[in-house]
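K.L.:
kindly return the folded structure for what I paste below:
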Amino acid sequence: MRFIPVKIPKFITRIFPNYVWDFSSKDKVIYLTFDDGPTPEITQWTLDTLKKYNARATFFCIGNNVIKHPEIFKNILANGHSIGNHTHDHIIGWKTETKSYIENVIQAEKAINSQLEKGTVNLFRPPFGKIKNSQGKALIKLGYKIIMWSVITFDWEKEVSKEQCLKNAISRTKKGNIIVFHDSVKASKNMMYSLPKFLEHFSNKNYTFEAIKT
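P.N.:
Predicted structure coming up:
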């Protein structure tokens, strides 16, 4: 049974005010994010689709995938998108000791930074959104901005149809929202159906799509 709502309730964001859940905006701006890449089967398709709509996004990358697919990672950067850390091995914070969790994040940080021509990555999203308070505090102390979300599409869930995935994304999204998709094989059926239609829908309403700034 799924307990996480498509749209994050306000009381949750108030409980965790040090995490970023959305952005205050008077303009019609949406912040698309993609978790779990880079993957050779899906990420390049995602980049090509975003390019058609002049859309910028933020990719929360798994460190181990960056090591396996450095050229795809570099293509993300070359297309003007932002990068975030998504741990090295997609570990669950609730099931991991804080010391081990931070070590895994730093391992991913090294993998990501090794592919950057300059600068470092300071955006972080916990896999599944499952992070202990102690882990969050430690990461913030290290200079990370913990990016959560406003709307999660559940594109990876087998029980969610592609039509429902699209409805999840379109019906709940407002200006300034952070939206979660996944550039993974597991999510590919729903995401590849929904993303072009999502981009077309909001482009027709004069929205723009921006990357989260580091």
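
K.L.:
beyond the longest strand anywhere in the chain, next helix or strand please.
P.N.:
Across the chain, the longest stretch assigned as strand under DSSP state E is strand 29-35. As assigned by DSSP states H and E, the chain's next helix or strand after strand 29-35 is helix 43-52.

K.L.:
if we can go back for a sec, the longest strand of the chain pairs with which strands?
P.N.:
Note on strand 29-35: by DSSP bridges, its sheet partners are strand 57-61 (parallel), strand 178-182 (parallel), strand 208-209 (parallel).

K.L.:
that one - what's its average pLDDT?
P.N.:
Mean per-residue pLDDT for strand 29-35: 98.

K.L.:
can you list contacts of that strand?
P.N.:
22-23, 43, 46, 50, 55, 57-60, 84, 86, 125, 127, 147, 149, 173, 175-184, 202, 207-212 (C-beta atoms under 8 Å, 6 or more residues apart in numbering). No exception for glycine: its C-beta is placed from N, CA and C like everyone else's.

K.L.:
same question, stretch 58-73
P.N.:
Where contact means C-beta under 8 Å, 6+ apart, the residues beyond stretch 58-73 that reach it are 31-40, 43-44, 76, 81-90, 107-112, 115, 123-125, 147, 183, 211-212.

K.L.:
out of those residues, which end up buried?
P.N.:
Buried members of the contacts of stretch 58-73, counted by 16 or more other C-beta atoms under 10 Å: 31-39, 43-44, 76, 81-88, 90, 107-109, 111-112, 115, 123-125, 147, 183, 211-212.

K.L.:
neighbours around Ile131, how many?
P.N.:
Ile131 is flanked by 24 other residues according to other C-beta atoms under 10 Å.

K.L.:
pretty sure it sits against Ile146.
P.N.:
Yes. Checked against C-beta atoms under 8 Å, the pair Ile131 and Ile146 is within contact range at 7.4 Å.

K.L.:
tell me which residues touch Ile106, please.
P.N.:
So Ile106 contacts nothing (C-beta under 8 Å, 6+ apart).

K.L.:
now do whichever strand or helix holds it against strand 57-61: the angle between them, please.
P.N.:
Element membership of Ile106 [criterion: DSSP H and E] is helix 98-113. Relative orientation of helix 98-113 versus strand 57-61 (axes from the mean of the first three to the mean of the last three C-alpha atoms, to 10 degrees): 120 degrees.

K.L.:
next helix or strand past helix 98-113?
P.N.:
strand 123-124.

K.L.:
list of residues touching that following strand?
P.N.:
58, 60, 82-86, 105, 139, 144-147, 212, 214.

K.L.:
switch to 7 Å and redo it
P.N.:
For strand 123-124, the surrounding residues in contact (C-beta atoms under 7 Å, 6 or more residues apart in numbering) are 58, 82, 84-85, 105, 139, 144-147, 212, 214.

K.L.:
many thanks, we can stop here.
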